[in-house]
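A.B. asks: Need a 3D model of the sequence below.
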Amino acid sequence: MKPTIGDLEAPARRDQHEGEGATRGTSRMEAFADGVFAIAFTLPVFNIVLPGDGRGGSLLARDLWLIWPHYAGYVLASAIIGLYWVHHHFSGAIYRTTGHWFLIATVIFLASIGFIAFPARVFSDNIADPAARASAAQFLVIALAAVSLAWLLKWSVGRSRGQVDSRLDLAYVDRLNRRYQYMALWNVSAALLSLVVWQVGLGMAAAGLLFKIVPPETPRYRTEAPAIEGEE
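C.D. replies: Predicted structure coming up:
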């Protein structure tokens, strides 16, 4: 039986999803996720090591330039983590409740976010080494594919377990689903291609990351859109 307008507008219940424990709102999940993102965003700066051996003086400028791979690693990690946070912030308006399996999928995604700074550093530290450049690029592209798959897992579990706001227009949810599926497929294809021609795989992964600059579609609702005030 299709839900009525009154059902869609009714507040979520703690017993709404059987087998999930107590269903709750998204506020605590969002607070935890924001904390993980904040730490992950901050940590890459600690990988920038002071240059030289304390000589300072006229050699300082040269020493600062020589550690440019550290700067590149910081910028790369910040771009990846920052863009994913932007979309995670958006998705907070898409989910209405949380449940056991959705939280586990969210933890898997956040674990991938916490890890991504490491392959970004490996790539930046080895970008000037012809012997290691290919392996470093492949490691980064595969890690980006893992993050994309973790994002799709979180979305798919949330959608299948009823965590996605039921007031959203079904066609809109389908479009969002296809977007996430295509992005995961794109990044997995990039990872596979990187094993053959690493430059192509890296270029595809970079294009997929830059695509996240494009803002997502504004949510469409079957009923009146919920007000921002009083948001849980």
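
A.B. asks: Backbone dihedrals for residue 221, please?
C.D. replies: Dihedral angles of residue 221 (phi, psi; degrees, to the nearest 10) stand at phi -120, psi 150.

A.B. asks: Can you get me a residue count around the closest residue in space to it that isn't next to it in sequence?
C.D. replies: Of all residues not flanking residue 221 in the chain, residue 167 sits nearest, at 5.2 Å (C-beta to C-beta, 6 or more residues apart in numbering). Using the backbone N, CA and C atoms, a C-beta is placed for each residue, glycine as well. Neighbour count of residue 167, defined by other C-beta atoms under 10 Å: 18.

A.B. asks: Residue 167 and residue 127, how far apart?
C.D. replies: Residue 167 sits 47 Å away from residue 127, going by C-beta to C-beta, to the nearest Å.

A.B. asks: I'd like the mean pLDDT over the particular helix or strand that has residue 40 in it, please.
C.D. replies: Here residue 40, judged by DSSP states H and E, is contained in helix 27-42. The average of the pLDDT scores along helix 27-42 is 92.

A.B. asks: who does the one helix or strand residue 207 maps to touch, helix- and strand-wise?
C.D. replies: For residue 207, the element it lies in under DSSP H and E is helix 198-211. For helix 198-211, the packing partners by 3 or more C-beta pairs under 8 Å, 6 or more residues apart in numbering; DSSP states H and E come out as helix 68-91, helix 133-160, helix 170-194.

A.B. asks: Include mean neighbour count when you put those helices into TSV, please.
C.D. replies: Shown next, in TSV, are the helices and strands packed on helix 198-211 (neighbours: other C-beta atoms under 10 Å):
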stretch	mean neighbour count
helix 68-91	18
helix 133-160	21
helix 170-194	17
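
A.B. asks: And residue 14, what's its pLDDT?
C.D. replies: Note for residue 14: predicted pLDDT of 62.

A.B. asks: Alpha carbons of stretch 31-47, in PDB - could you do that?
C.D. replies: The C-alpha trace of stretch 31-47 is given here as PDB (Å, rounded to 0.1, in the frame of the first residue of the first chain):
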ATOM      1  CA  ALA A  31      28.100  15.100  14.200                       C
ATOM      2  CA  PHE A  32      30.300  12.000  14.300                       C
ATOM      3  CA  ALA A  33      30.900  12.200  10.500                       C
ATOM      4  CA  ASP A  34      31.800  15.900  10.700                       C
ATOM      5  CA  GLY A  35      34.300  15.100  13.400                       C
ATOM      6  CA  VAL A  36      36.000  12.400  11.300                       C
ATOM      7  CA  PHE A  37      36.100  14.700   8.300                       C
ATOM      8  CA  ALA A  38      37.600  17.500  10.400                       C
ATOM      9  CA  ILE A  39      40.300  15.300  11.800                       C
ATOM     10  CA  ALA A  40      41.100  13.800   8.300                       C
ATOM     11  CA  PHE A  41      41.200  17.300   6.800                       C
ATOM     12  CA  THR A  42      43.600  18.500   9.500                       C
ATOM     13  CA  LEU A  43      46.100  15.600   9.700                       C
ATOM     14  CA  PRO A  44      47.700  16.000   6.200                       C
ATOM     15  CA  VAL A  45      49.400  19.300   7.300                       C
ATOM     16  CA  PHE A  46      51.500  17.300   9.800                       C
ATOM     17  CA  ASN A  47      53.100  15.400   6.900                       C
END
